[in-house]
Every structure is written in C-alpha cells, then in structure tokens.
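Chemist: Provide a 3D model corresponding to the input given below.
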Amino acid sequence: TMRGTALIRLGTTTAMPRVLLIAPRSLEGELRGLLGRGAAVVGSWDGTSPEELRCGIAAGRPSHIVHASLLAGSQPLLQDGHLRADLHFSELARALASWAASCTDPLPSLLCLRHHSLPDAQQTLDYMLAGAAFAPALCKALAAEVVGMRRAAVIDLPRGSSASRVAACVLAELGGVSDLDMEVWYGADGRRQVKRYLSIGRELQAEAAAPERPTPWLRPGAYVVTGGLGDIGRGVVSMILSEEACQGSRVLIIGRRPAAEVRRQLASLGWGHGSPVAYASVDLGMHPDALTAALRRFLEGGAQRLVGIFHLAGSYDRAELAALSAEQVADATRAKARGAVHLDLAARQLLQRPAFVHFGSVATVYAGIGLGCYAAGNDFLEWFTTHQRGKRGLSQTRYRLCPCRSPVPPARAARPCRPPVAARPCRPP
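Modeler: Numbering: from 1, shown residues only. Next up is the predicted model:
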C-alpha cells in the first residue's frame, strides 16, 4: 500500500547534508546549483570512469549519493548511452566497499531518482525494460551487500518534472525521513507516498479455508509454459493436463536447451511423441522472431486458440553486485524481463489474447545478498503485469512463491504459496 503525507520539508539536522551527484553533464550543472540551496554538493560523476567515482567518494566523504542519471531528457538515457542494465550499481557497490574497507566514516545513503512513466506506453515500456524497473531491487540488494549502508531508496517522480521540482523532492528526502522508506512516490501535487507492506496472514488463512473456486480462464485450448522442465514448470504442465476444465488441451514448453537434449526427459514424463505436449528450443530474451515462429507452428498444429501463457523462465544464479558487470546483469535478467515482453509481442502478432500468469518471488520484496539480478527481473514483472492489464486489457496474475516445508504436489504447484507477510499491488491514487 502507499501511505501518503504532505510534502516533507527539509528536516533540521546538525550538519548540512553532503551530496555526491551522479548525473549526465546535461543535467549536472543545473541540479548542482539547485541542490546547493539546502545541501553541500561535494562532487559529481557522469558514469564514465569508475576510478573517478571511487576518488569522488573518498575525497568528498558524502552523507548521501543522489543517482539522477535516470532523469536525463524526455527519453531518459535510452539515446545518450547512460542507461545500463545495472544502472551503475555495480560500480557503486565496488566503490562503497573499497571506501568502507579503508575508512571508518559512516557510509552514505543512496537516493535513486526515476520517472513514474513517460509520455506514451511504448516509451515507458522501453524505459522500464532498459533497466529503470530494476532500480528498487538493485537498491535493496546494494543495501544488503554493502555492510553499514543505512538506506538505498528509489524516488519516483512525475514525468516532466522541472529541475527545481526534482531538487525540492531530493532536499525533502535529505531531511528527517525514515531509513525504512525504500520506495517513495511523489505526485504532481508534491504529495509524498511511501510503500509499506502489510501483514495479511489472517486473510491468507481464511482464503485457504474457503471452498476452492474455479479459475475462469482455465478451459480447453492451447497453453505455453516457459521454463516448463523445471520443478515448478513440470507441476504447472501436469496441472493443465490433469485439470478437468482443461481436458483436450495442448501445451508448448519453451526452453533454451536443444530439443535433442530434453527428448529423453520428456519421454520419461510421458510427454514424448504423440502426447499433447510439444517442446520448442528458443532463447526467450534474445530471439523474438524465433519465438513467434515456434508459437505459430504450435498453433497451426491444432484448431485451438491460445488460452494461457505461464511464464516461469528466469535465472537464479546468485552473485553480489560488486562481482558483476552491466552485461552480466543484463544476461541474468533477460529471460524473465525481455522474455515477458517477447511473449506478449508474439501473442499480439498472432492475434491471440491469452491470459498471462507471471511467476515472481518474495525476493522482489526483500531482495538480499546475491539476489539483486533475480529480484530485478521479478521487479520488472511487478510493473509489466500492470502495464499489460492497463494498456493492453489482458488478464494477468502474478504468483509469488516461497520455500515450502514439504514438496508441493504437482497438481497444486501453480497455486499461490505465500509467506505470512506479502506485498499487495501498489498503485498511486
């Protein structure tokens, strides 16, 4: 939920905040002057030389780092080369860890600024897919991995915000706000809202005790399951094939492994030649045309419409941000983030309107050490499901899964399995 308050005034502190500004040169000069009215700007970095960042932190000893690189121009960073999948967080992690090892001063807090949205839906999708949607997860991972860091927050600002409005919001955040304010949203009227997670344990108990209701869009037809040969994916495929409401359905499993490598596994599951299950070897995040072609062949093989897409593909390789490059972050988020977009595009090109079920994780809420990339991909799904529902009018569901004490029966593997504290969708008024 978003809890709102009036725009917070700059709090009274014993010392003026010391700010290191990360921004492209086109924005740095104006922001530096405006922030100078309530803070001491001790340095800046334009994202080019990692050594300059380390030197800037060591020399300036900032109390706050303001990451404004996602605010450059009307189409932020998509043309001037500044936006990278890791949003410079890898360099930040390395620079802060280096400073922490050589200095006893408190580590600075991080404020990462981004826009709610851009002028149209396609620009917003490009902006979020290029990395802006990853910011909340990367902030949480950075705060967990860099020992001694008090706060790493994303500050969402209205599109078209003037430099003076941006500076006013930043100065408000430098004042007396809680270190637990990790995701902050400013409206056009200056109202400040903070994302909070509410305990819904009793609601979950009541939901579990209630009679099971049929899922309205589970019906005979064609289904796609990405990552369908993983543990959860196999449970989803089994659920579709065994569900009474889906009798006669066909399932296309999409994976990256060559078909020859999985043929024996498919046969052992009873999904070999002659079964209602087909397999296509496609790298979801890299080859949208190949995905569309595979989906077309599958649909042409039967007279059924595409009813549902279960998107489980993704990478769970754990690694701290300081050990990663921007390219590695892009690789780790590609299947989940770009894969979701490519699935949506393929369905539209084939004039299909399936329900989408995106499988996410509570890692989106908590992130944690080594989970930055995994949580970032799920953060994109958090945003993309809202985009699909609002801009495309599609039915969408997002399941957050948590570890279970005992194995989940295959026929029930696709049902939500949530911890006592979970996040509800969070949308501004």
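
Chemist: in space, what's closest to residue 125 - neighbours in sequence excluded?
Modeler: residue 387 (6.4 Å; Cβ to Cβ, 6 or more residues apart in numbering). Glycine gets a C-beta too; all of them are placed from N, C-alpha and C.

Chemist: okay, now the unreliable bits of the stretch 201-350 of the chain?
Modeler: For the stretch 201-350 of the chain, applying pLDDT under 70 flags no range at all.

Chemist: for it, which segments count as helices?
Modeler: Taking DSSP state H, counting those that start in this stretch, the helices of the stretch 201-350 of the chain run over residues 201-209, 231-242, 259-268, 288-300, 326-349.

Chemist: tell me what the fourth one is packed against?
Modeler: When you say that, I think you mean helix 288-300. Counting by 3 or more Cβ pairs under 8 Å, 6 or more residues apart in numbering; DSSP states H and E, the packing neighbours recorded for helix 288-300 are strand 222-226, strand 250-255, strand 277-281, helix 326-349.

Chemist: deepest of these, which one?
Modeler: strand 222-226 (a mean of 28; mean count of other Cβ atoms under 10 Å).

Chemist: that one packs against which elements?
Modeler: Applying 3+ Cβ pairs under 8 Å, 6+ apart, we find strand 222-226 packed against helix 231-242, strand 250-255, helix 288-300, strand 306-311, helix 326-349.

Chemist: what distance separates the next helix-or-strand element following the longest one from the middle of the whole chain?
Modeler: Just to be clear, that refers to helix 326-349. Per DSSP states H and E, the first helix or strand lying C-terminal to helix 326-349 is strand 355-361. Relative to the centre of its chain, strand 355-361 is centred 13 Å away, using Cα atoms, centre = their mean, to the nearest Å.

Chemist: got the contact list for the closest residue to residue 153 other than its chain neighbours?
Modeler: What sits nearest to residue 153 in space, not counting adjacent residues and going by Cβ to Cβ, 6+ apart, is residue 182, at 5.1 Å. Neighbouring residues of residue 182 by Cβ atoms under 8 Å, 6 or more residues apart in numbering: 136, 139, 140, 143, 151, 152, 153, 154, 195.

Chemist: cutoff 10 Å now
Modeler: Listed by Cβ atoms under 10 Å, 6 or more residues apart in numbering, the contact set of residue 182 reads 136, 139-140, 143, 151-154, 194-196, 365, 367.

Chemist: with residue 53 instead?
Modeler: Neighbours of residue 53 in contact, by Cβ under 10 Å, 6+ apart: 20, 22, 43-47, 65, 88, 91-92, 94-96, 98.

Chemist: 6 Å instead, please
Modeler: By Cβ atoms under 6 Å, 6 or more residues apart in numbering, the residues touching residue 53 are 45, 91, 95.

Chemist: state the distance from the residue lying farthest from the centre of the chain to residue 250.
Modeler: Centroid-distance maximum for the chain: residue 274 at 38.5 Å, with Cα atoms, centre = their mean. Per Cβ to Cβ, to the nearest Å, residue 274 is found 12 Å from residue 250.

Chemist: again with residue 70
Modeler: According to Cβ to Cβ, residue 70 and residue 250 sit 43 Å apart.

Chemist: check residue 166 too.
Modeler: Here the criterion is Cβ to Cβ. By it, residue 166 lies 52 Å from residue 250.

Chemist: and what of residue 100?
Modeler: 55 Å.

Chemist: picking that back up, tabulate the helices and strands packed on helix 288-300 (a markdown table), appending distance to residue 174.
Modeler: Formatted as a markdown table, those follow (distance: least, Cβ to Cβ, whole Å):
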| stretch | distance to residue 174 |
| --- | --- |
| strand 222-226 | 43 |
| strand 250-255 | 47 |
| strand 277-281 | 51 |
| helix 326-349 | 28 |
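
Chemist: closest to residue 115 out of those?
Modeler: Minimum separation from residue 115 across the helices and strands packed on helix 288-300 (Cβ to Cβ) falls at helix 326-349, 18.0 Å.

Chemist: run the angle between that closest one and helix 288-300 for me.
Modeler: 40 degrees (axes from the mean of the first three to the mean of the last three Cα atoms, to 10 degrees).

Chemist: which residue is nearest the centroid of this protein?
Modeler: With distances taken as Cα atoms, centre = their mean, the residue of the chain nearest its centroid is residue 379 (1.8 Å).

Chemist: which element is that one on?
Modeler: Going by DSSP H and E, residue 379 is part of helix 372-387.

Chemist: okay, buried residues for that helix please.
Modeler: Residues 372-385, 387 are the ones in helix 372-387 that count as buried (16 or more other Cβ atoms under 10 Å).

Chemist: now stretch 52-69
Modeler: Across stretch 52-69, burial judged by 16+ other Cβ under 10 Å covers 52-54, 56-57, 60-69.

Chemist: which of the residues you listed lies closest to residue 292?
Modeler: Residue 292 has its nearest neighbour among those in residue 69, at 33.8 Å by Cβ to Cβ.

Chemist: of all the helices and strands packed on strand 222-226, which one comes closest to residue 31?
Modeler: Going by Cβ to Cβ, the one of those nearest residue 31 is helix 326-349, 23.5 Å.

Chemist: wait, isn't residue 68 in contact with residue 113?
Modeler: Yes: with contact defined as Cβ atoms under 6 Å, residue 68 and residue 113 form a contacting pair (5.0 Å).

Chemist: against residue 90, how distant is residue 59?
Modeler: As judged by Cβ to Cβ, residue 59 and residue 90 stand 21 Å apart.

Chemist: do residue 296 as well
Modeler: 39 Å.
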